[in-house]
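Enquirer: mind folding the following:
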Amino acid sequence: MTPAASTAGRTAWSRSLATPVRALLDAETSGSIAIVTAVVIAIVWANSPAHDSYASLWNTTLSIRIGSHALSDQLRGWVNQGLMTLFFLVAGLEAKRELDVGELRERRRLTIPMLSGIGGIIGAGLVYVLINAGGSGLHGWGAAISTDTALALGGMSLSARALAPSHPKTPAGNVAAAARGLATRRRVFLLTLSIADDLLALLIIAFVYTVSVDALALVVAGAFFAALLGLRYAPAPWQTPAAGLAAVGLWVALYESGVDPVISGLLIGLGISAYAPSREELDRSVRLTRSFREQPTAELAYSAGASLTSTISLNERLQYRLLPWTNHLIVPLFALANAGIRLHSGVLTSALHSPVTLGIIAAFAIGKPVGIMLSAWLGSRPAFGGQRLLITWPGLAGTAFSAGVTFTAALLIASLAFHGQALEDAKIGILATALIGPSLSALAFFSARLLPMDVRARQLNSTASQLLDLADDVDPEHDHIRGAVDAPVTLLEYGDFECPYCVDAVPVINELIERLGDELRYVWRHLPLSDVHPSAQLAAEASEAAGAQGRYWEMHDRLLADSSELSVAEIDALAQELGLDLDRFESDLHHRRHAARVAADVRSADASDVTGTPTFFVNGRRHEGVYNVEVLTREIQAAAAAARIAAHHPAR
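Expert: Now for the predicted structure:
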């Protein structure tokens, strides 16, 4: 396989780090399968002839001793309080990323999902309290409030498939395509409300289910957290090791204080910012890498490696490293350690009549989704700013029922609140939500398809407008446009004529233009990466010189076709083949008459945080991840469907 073939269809960004929300979804979906597998293994193990080994393994004491001081807990406790800290760290990192550079960077959009998260907790808690009022299980209300992020996102991904694809140009197809285009928003909405109730659940663990608190240790923990925040401004060489020591210190201090230390993970994650790599940092990395190539010394190797690493935010580097471990090992290990229930007729009979079991099931099947939907409705009222929903109301119903599943935090709280048979009853209720929540979600998504087409269309058109990533809108007087000028969808590419990945994208773009016809217009903007492609600037100016003679796209296509040979002589030969006025063409290049035009494109790329090529935008939204025909076609069809709906079904 050639290098080009191995990388075809993938952007430079996707080769180093997949689109964060989609990467999270993929990991959560496969992670939810791993959780279910671990639960099945735990139940089978706990009910096998070797059931005694299950209890003895997880009750084994493990200690870490330094001198006279020791941290000691059962193996189950190390999993619950130690490894699970990393799970909550990843959740905090993803939330912070969405706040910094994602769908929630416009802070007003936080209102409804945060209110929904709080409302879901209140609704679930009230239902549980009503069922257990006056009973011995009332103290365990904390086990009936928190959504499990991994299972909720994975379950929603599966249940939302009830929105089956339709022919894209029929009314039903328009609605289905546009609805699928809101899939990322549903994930972000669910993730945000999950983070809200994760944080509240951890605070409840810390201050409701903690027997005693050591005030001095808590002060020390606060000092470590303040130090972590301050280290963001520290010099890079020792920033990471110092932050690692402070994070460990925070966890140990919380552990010694009596507060469940898993809260440290979420706090640390929310304190680590995300940002797009800057052109200046990338240029510096290239210079250092070239210096190392010319003089391969240990010092230059370290400098080049450190520079390359620092161009990507610590937030995304940590997600990239931790996400597979947390979702495919740590959370399944947590499930294996905690889900082993002895299932016999007495246990099941007790659970069926237990207010604890029934309270947990009802809390997540009724209280949680009702609380989420009511809170979202309140958040959209003028008293709260009158924000539009990020998703449709039918989509909200499916999302709310997806949130009606619990596991991680619920098991943590149940293990603190209950003992004996009550704990077994709580575990059965918790496990039941993993079946009931996704089933109700699938039913809600399927029911949404039965609504009248006009209602569904108006719902789609009433959602909040997209946040645009493209700083400078397409200008037909300035930009080069291929296709219908008034097409409903614009695919804009920032490219470099020497970039091999831009060359790989050419057949993809051509097939899209042929397949989508008048629905698509394609725009090329220049981003010559002169530090790695020495002839890119010359090629960009040559295309503009050809454009001045009415042959821009012909030169554009020839430059990409001959991208490995872009010397002055080769470019002159191309101009001659195209029948250009060579004297005028060479004069334009010699006097650099079109350099300002190329520089304007580069400025617009910088304003849009574009740092590499090719970078694509679909109707002003940055396209992340792979750029094969199928992926881009789905995205463009969703954008076209949304445009048709907006034209024919204006929001009320």
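Enquirer: what about Leu470, neighbour count?
Expert: Other residues near Leu470 come to 21 when the count uses other Cβ atoms under 10 Å. Yep, even glycine has a C-beta here, placed from its N, CA and C like the rest.
Enquirer: is it correct that it is in contact with Phe616?
Expert: No. Here Leu470 does not reach Phe616: they are 10.4 Å apart, not a contact under Cβ atoms under 8 Å.
Enquirer: give me the common contacts of these two.
Expert: Leu492, Arg622 (Cβ atoms under 8 Å, 6 or more residues apart in numbering).
Enquirer: which residues of the stretch 1-150 of the chain fall in strands?
Expert: Assigned strands in the stretch 1-150 of the chain, in chain order: 61-66, 69-74 (criterion: DSSP state E, counting those that start in this stretch).
Enquirer: list the buried residues in the last one.
Expert: It refers to strand 69-74. Buried residues in strand 69-74, counted by 16 or more other Cβ atoms under 10 Å: Asp73.
Enquirer: what of stretch 238-254?
Expert: Here stretch 238-254 shows Thr240, Ala242, Ala243, Ala246, Ala247, Gly249, Leu250, Trp251, Val252, Ala253, Leu254 as buried, counting by 16+ other Cβ under 10 Å.
Enquirer: equivalent analysis for stretch 326-336, please.
Expert: Along stretch 326-336, these residues count as buried under the neighbour rule (16+ other Cβ under 10 Å): Thr326, Asn327, His328, Ile330, Val331, Pro332, Phe334, Ala335, Leu336.
Enquirer: can you check stretch 370-387 too?
Expert: For stretch 370-387, the buried set under the neighbour-count rule, 16+ other Cβ under 10 Å, comprises Val370, Gly371, Ile372, Met373, Leu374, Ser375, Ala376, Trp377, Gly379, Ser380, Gln387.
Enquirer: ok, the first one - contacts?
Expert: Val370 sits next to Gly123, Ala400 when contact means Cβ under 8 Å, 6+ apart.
Enquirer: okay, the helix or strand where it lies in CSV with CA atoms only?
Expert: Applying DSSP states H and E as the criterion places Val370 in helix 368-379. Taking Å, rounded to 0.1, in the frame of the first residue of the first chain, the C-alpha atoms of helix 368-379 are listed here in CSV:
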residue,chain,number,x,y,z
LYS,A,368,-35.6,11.5,35.3
PRO,A,369,-37.1,12.0,31.8
VAL,A,370,-40.0,14.1,33.1
GLY,A,371,-37.7,16.3,35.1
ILE,A,372,-35.4,16.8,32.1
MET,A,373,-38.3,17.7,29.8
LEU,A,374,-40.0,20.1,32.2
SER,A,375,-36.7,21.8,33.0
ALA,A,376,-36.0,22.2,29.3
TRP,A,377,-39.4,23.7,28.8
LEU,A,378,-38.8,26.2,31.7
GLY,A,379,-35.4,27.0,30.3
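Enquirer: average pLDDT across it?
Expert: When pLDDT is averaged along helix 368-379, the result is 92.
Enquirer: right, and the helix or strand after it?
Expert: helix 393-402.
Enquirer: which neighbouring elements make contact with that next one?
Expert: Counting by 3 or more Cβ pairs under 8 Å, 6 or more residues apart in numbering; DSSP states H and E, the packing neighbours recorded for helix 393-402 are helix 149-159, helix 183-207, helix 368-379, helix 421-448, helix 453-461.
Enquirer: how far off centre is the second one?
Expert: This points to helix 183-207. Relative to its parent chain, helix 183-207 has a centroid offset of 14 Å by Cα atoms, centre = their mean, to the nearest Å.
Enquirer: what does the first one give?
Expert: Its chain's average C-alpha position is 13 Å from that of helix 149-159, according to Cα atoms, centre = their mean.
Enquirer: which stretches of the stretch 551-652 of the chain form strands?
Expert: Residue ranges of the strands in the stretch 551-652 of the chain, as given by DSSP E, counting those that start in this stretch, are 615-618, 621-623.
Enquirer: surely Thr60 touches Asp73?
Expert: No. Contact between Thr60 and Asp73 fails when scored by Cβ under 8 Å: they sit 10.2 Å apart.
Enquirer: look up how far Asp496 lies from Thr611.
Expert: Counting by Cβ to Cβ, to the nearest Å, the gap from Thr611 to Asp496 is 12 Å.
Enquirer: correction: the previous question concerned Tyr128.
Expert: Computed with Cβ to Cβ, the distance linking Tyr128 and Asp496 is 58 Å.
Enquirer: same drill for the two, tell me which one is more crowded.
Expert: Tyr128 (29 against 26).
Enquirer: mind listing what the more buried one touches?
Expert: With contacts defined as Cβ under 8 Å, 6+ apart, Tyr128 is in contact with Trp141, Ala144, Ile145, Gly359, Ile360, Ala362, Ala363, Gly367.
Enquirer: contacting residues for the nearest residue to the last one once chain neighbours are set aside?
Expert: Nearest in space to Gly367, with sequence neighbours left out and distances taken as Cβ to Cβ, 6 or more residues apart in numbering, is Val127 at 3.3 Å. Taking Cβ under 8 Å, 6+ apart, we find Val127 in contact with Ala144, Gly359, Ala362, Ala363, Ile366, Gly367.
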